[in-house]
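Colleague: Here is my input; please provide its structure:
(2 chains)
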Amino acid sequence: MSNAMLNDSSAQSAVREIQIRDALKEAMTEEMVRDERVFLVGEEVGHYNGAYKCSKGMLEQFGSKRVIDAPIAETGFAGIGIGAAMAGLRPIVEFMTFNFSLVAIDQILNTAAKSRLMSAGQIECPIVFRGAGGAAFQLGAQHANSFEHFYAYTPGLIVVAPATPYDMKGLLKSSIRNDNPVCFFESELTYGMRGPVPTEEYLVPIGKADIKREGTDVTLVTWSKNLFQTLDAAESLAKEGISAEVVDLRTLRPLDTETLFNSVAKTHRCVVVQEQHQIASYGAFLGHLITREIFDELDAPVGLVSTLEAPMPYSKALEVVILPSVERICQEVRAICG
Amino acid sequence: MEHEVLTDLFAKMLRIRRFEEEAARLYTEKKIGGFLHLYIGQEAVAVGTISVLKDTDYIMTGYRCHGHYLARGGSARAGMAELMGKETGCAKGRGGSMHFFDVERRFMGGWGIVGGQVPVAAGLAFAEKYKGEDNIAVCYLGDGAINIGAFHEGLALSALWGIPAVFIIENNQYAMGTPLERTASTDDLSIRALAYPMARETVDGHDIYAVRATMHAAAKRAREQQLPTLIEAKTYRYRGHSMADPGKYRTAADVDVWKSRDPIKVLGETMDAQGMKDLRMRIENEIEEEIQDAVRFAEDSPFPAPETAMDYTYV
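Modeller: Modelled structure (predicted):
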């Protein structure tokens, strides 16, 4: 991973360098201290301190009433979280990874997302589903799925996919306080990544993208951990004389079209970098949206760098081929800047 | 049974029956769209169980939800308007027949994915325990829901975490058009409770007195001991699965066996035998007026305004 996140424009003066897992823990802990209705439920969140240690020490601090180890039954504990939210609590449901959310997806898409509409606003469902998404190193085909777009497809859900420790903490706190169901995507690969996080309390607003690097020739749009390789690509492109602006969406639903369109209107070129497969993906939607809404600003078709159209193979020799890379980002930029 | 209770149960069951008979008529007139799953025949289960609950207990059910909504005291006007997709409906025309809501009465909806409501209802009860309240949640499901994962996970976690919920399988003998013997290896459905484990009861769903007694014990167990119960109420729907289903998988004689012990008929006869024939007839007239008023109200109500199509998606 790069050190590019140290350029985080939002960093304030009184800061420490902490890992993302600790940023997430701070967010949950602060919100649980602030609001007794907030509780954490998931596999291994308590006695084991979290599969990725995001809840280390929280059982000790809050007790087993509010930090609840669940058996492996995602439909069950996601559904119980949803019911608890309908009855006035504010659950944080941890999926060890979003790969396992698929066995609970009916609860998320059909119950949580639709309860407000179906009841004409009589039911509120303030709940956060959080966990790791996307590929890590050599986890094989079933543990490397990138599913943000499944959830971003569904009206009624908010989908947050931050990258830096600062954004992780600020957006998780905002997600817990939000009155809608939120899917919050993290990454196994970056839980140990360090970055500046203020000591004083702060929030990062949902639905606001962030320009992580300014540039003039092309806009690179991304989210989640792909931010880091995108920033590396921007650095590499700079050496070729191409000035790339990097827009970190941070939230996929609702989408901050203003920041996105302003950047593309400035650079006139755009490449989306995503870990999804291309077909029916969020990046494909962004390409459509930009082409439809600000076609006159474009000097080239919208580029798209995606995971190739195959399930993830195990071997590291193949994994790097399938996933987006700095080199593939640079190639796509060169192709539309030529 | 005291006269007051008897007449109340009779009135509540008849109200559901007449509401749905009118709904069926309106459906054939194409004033109601989508699916319409009628509860006719099963009224004693909803009315009997809900009659022993507190006003602050939660209720959640599947898509065959009109009966539970009305048994909880939901407005016939708002229910009929919902069926017609009107702004005055109990979900302002956003829910429809399968998704009635009356959250003020803690009727938390009709839900359309079979079994999906089971863990969610457990979550309602979980929250009440978390808050230190002595309210419980009651979850209704059909015999068609007992093989799906959500049912088992909801029950397993309820037993594990001591969740004060009561789960009621309304065994109406058919999962859509498939009879129970082709969906379950036993006709003793509450036996599944032994696996989690939790308390279990089996009750004749046409016997409203037995239904009340069973529910009373289960509610007490949930409220006082934070222990869940699985109840199987054996019952029968006289109509097809939905209005689209003529029910050709069974004979008229099959249906008549259950109709002969129809709980509304039985309670009506009991009232007559106890010298309350005039009262029974007055109740029938009042309900008829209420239902006809509900139909007029629904027909006269406005549809939701087109510009509100995106409302209620986000806060």
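Colleague: need the helices for chain B, in chain order.
Modeller: Along chain B, the stretches classed as helices by DSSP state H are B:3-28, B:43-50, B:66-71, B:76-83, B:117-131, B:149-161, B:208-225, B:252-259, B:263-273, B:277-300.
Colleague: what's the least confident stretch among those helices?
Modeller: Of all the helices of chain B, mean pLDDT reaches its minimum on helix B:252-259 (a mean of 92).
Colleague: what's it in contact with?
Modeller: Contact with helix B:252-259 is made by B:41, B:206, B:236, B:238, B:247, B:265, as judged by C-beta atoms under 8 Å, 6 or more residues apart in numbering or on different chains. All C-beta atoms are positioned from the backbone trio N, CA, C, and that covers glycine.
Colleague: Now the fourth one, what are its backbone angles?
Modeller: Listed backbone geometry of B:Tyr238 is phi -80, psi -30, with angles given as degrees, to the nearest 10.
Colleague: and the contacts of helix B:252-259, which are buried?
Modeller: B:41, B:206, B:236, B:238, B:247 (16 or more other C-beta atoms under 10 Å in any protein chain shown).
Colleague: Of these, which pair is most distant in space?
Modeller: Largest separation among these by C-beta to C-beta: B:His206 and B:Gly247, giving 18.5 Å.
Colleague: OK, now which residue of the stretch 101-250 of chain B is nearest to chain A?
Modeller: Nearest residue of the stretch 101-250 of chain B to chain A, counting by C-beta to the nearest C-beta: B:Gly123, 2.0 Å away.
Colleague: Check whether the closest residue to that residue other than its chain neighbours sits in a helix, strand or coil.
Modeller: Excluding the flanking residues, the one nearest B:Gly123 by C-beta to C-beta, 6 or more residues apart in numbering or on different chains is A:Gly83, at 2.0 Å. What DSSP: H, G, I helix; E, B strand; the rest coil gives for A:Gly83 is helix.
Colleague: what do you get for the one 5 residues further on?
Modeller: What three-state DSSP gives for A:Gly88 is coil.
Colleague: and the stretch 1-150 of chain B, which residues reach chain A?
Modeller: B:58, B:60, B:91-95, B:99, B:101-104, B:108-109, B:111-113, B:116, B:118-128, B:130-131, B:137, B:149-150 (C-beta under 8 Å from any C-beta of the partner chain).
Colleague: Next up, the contacts around the residue of chain A found nearest chain B.
Modeller: Among the residues of chain A, A:Gly83 lies nearest to chain B; the distance is 2.0 Å by C-beta to the nearest C-beta. Neighbouring residues of A:Gly83 by C-beta under 8 Å, 6+ apart: B:60, B:119-127, B:137.
Colleague: Which two among the contacts of helix B:252-259 are spaced furthest apart?
Modeller: B:Gly247 and B:Lys265 (20.3 Å).
Colleague: which stretches of chain A have low pLDDT?
Modeller: Within chain A, the ranges that satisfy pLDDT under 70 run A:1-13.
Colleague: those helices in it, which residues are they?
Modeller: A:20-34, A:58-62, A:74-86, A:105-106, A:115-118, A:148-152, A:165-177, A:226-239, A:257-267, A:282-293, A:316-322, A:326-337.
Colleague: want to throw those helices into a markdown table with distance to B:Ile50?
Modeller: What follows is the helices of chain A, written out as a markdown table (distance: least, C-beta to C-beta, whole Å):
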| stretch | distance to B:Ile50 |
| --- | --- |
| helix A:20-34 | 36 |
| helix A:58-62 | 36 |
| helix A:74-86 | 19 |
| helix A:105-106 | 27 |
| helix A:115-118 | 21 |
| helix A:148-152 | 36 |
| helix A:165-177 | 35 |
| helix A:226-239 | 52 |
| helix A:257-267 | 48 |
| helix A:282-293 | 45 |
| helix A:316-322 | 55 |
| helix A:326-337 | 60 |
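Colleague: Just say which of the ones you listed is most tucked in.
Modeller: helix A:74-86 (a mean of 30; mean count of other C-beta atoms under 10 Å in any protein chain shown).
Colleague: Show me how far it is from its chain's centre.
Modeller: Centroid separation for helix A:74-86 versus its chain: 22 Å, with C-alpha atoms, centre = their mean, to the nearest Å.
Colleague: any idea of the angle that helix forms with helix B:149-161?
Modeller: Orientation check (axes from the mean of the first three to the mean of the last three C-alpha atoms, to 10 degrees): helix A:74-86 against helix B:149-161 gives 70 degrees.
Colleague: show me the residues around B:Asp143 that make contact.
Modeller: B:Asp143 sits in contact with B:169-175, B:180, B:183-184, B:189, where contact means C-beta under 8 Å, 6+ apart.
Colleague: From B:Leu279, how far out is B:Thr7?
Modeller: Per C-beta to C-beta, to the nearest Å, B:Thr7 is found 6 Å from B:Leu279.
Colleague: which neighbours do these two share?
Modeller: B:Met271.
Colleague: Tell me which of the buried ones among the contacts of helix B:252-259 has the lowest pLDDT.
Modeller: B:Gly247 (88).
Colleague: And that residue, its phi and psi?
Modeller: Dihedral angles (degrees, to the nearest 10) for B:Gly247: phi 70, psi 40.
Colleague: Quick one: name the residues of the stretch 151-300 of chain B near chain A.
Modeller: Contact residues (C-beta under 8 Å from any C-beta) of the stretch 151-300 of chain B with chain A: B:153-154, B:156-157, B:160-161, B:163.
Colleague: which of those residues are buried?
Modeller: B:153-154, B:156-157, B:161, B:163.
Colleague: sorry, back to before: buried subset of the residues of the stretch 1-150 of chain B next to chain A, written for PyMOL?
Modeller: Here is the PyMOL selection string for the buried members of those, based on 16+ other C-beta under 10 Å:
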select buried, chain B and resi 58+60+91+92+93+94+95+99+101+102+103+108+109+111+112+113+116+118+119+120+121+122+123+124+125+126+127+128+130+137+149+150
